[in-house]
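S.K.: Predicted coordinates and the sequence they were generated for:
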Amino acid sequence: MKRILLRLWNEQTAQDVVEYALLLLLIALLVGATAKSIGYKIRSVYSHAASSVSAPGGGAGGNHGGNVGNNGGNGGGRGN
């Protein structure tokens, strides 16, 4: 194994392999940074969409089917 590494170190092809490896590393770092940036933007879009969706009743803590003791909720007291 040591002999193979020494031979690669002394040959021109070893330099090419190292250059390609460094180039691949640079590309991988750029892809990772871009993916992270896009991830933050997507999360921001979904957060904004989720906050703009209002709950039934205007989102101000309305009557979400409450009034349990009122014979069926908002039915005007008509029990079925």
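M.R.: That came through fine.
S.K.: So for the longest helix along the chain, mean pLDDT?
M.R.: Ranked by residue count, the top helix of the chain under DSSP state H comes out as helix 12-52. Regarding helix 12-52, the rounded mean pLDDT is 89.
S.K.: Let the chain start at 868 from now.
M.R.: Renumbered: residue one is now 868, and that last one reads helix 879-919.
S.K.: Neighbours of Ala902, how many?
M.R.: Ala902 has 10 neighbouring residues, counting by other C-beta atoms under 10 Å. For every residue, glycine as well, the C-beta is placed using N, CA and C.
S.K.: Same check on Tyr907?
M.R.: Neighbour tally, Tyr907, other C-beta under 10 Å: 10.
S.K.: Need the per-residue pLDDT for Gly940.
M.R.: 53.
S.K.: cool, the one 3 residues further on as well?
M.R.: At Gly943 the predicted local distance difference test score is 56.
S.K.: any idea how far Gly899 lies from Leu893?
M.R.: 11 Å (C-beta to C-beta, to the nearest Å).
S.K.: scratch that, Ile905 is what I was asking about
M.R.: Taken as C-beta to C-beta, the span from Ile905 to Leu893 is 19 Å.
S.K.: Then Ala917?
M.R.: With C-beta to C-beta as the criterion, Ala917 and Leu893 are 36 Å apart.
S.K.: What of Val912?
M.R.: Val912 is 29 Å from Leu893, by C-beta to C-beta.
S.K.: And for Ser918?
M.R.: For Ser918, the distance to Leu893 - C-beta to C-beta - is 38 Å.
S.K.: now Ala881
M.R.: Noted for Ala881: a distance of 19 Å to Leu893, by C-beta to C-beta.
S.K.: and these two? which has more neighbours close in?
M.R.: Per other C-beta under 10 Å, whichever of Ala881 and Leu893 has more neighbours is Ala881, with 14 against 10.
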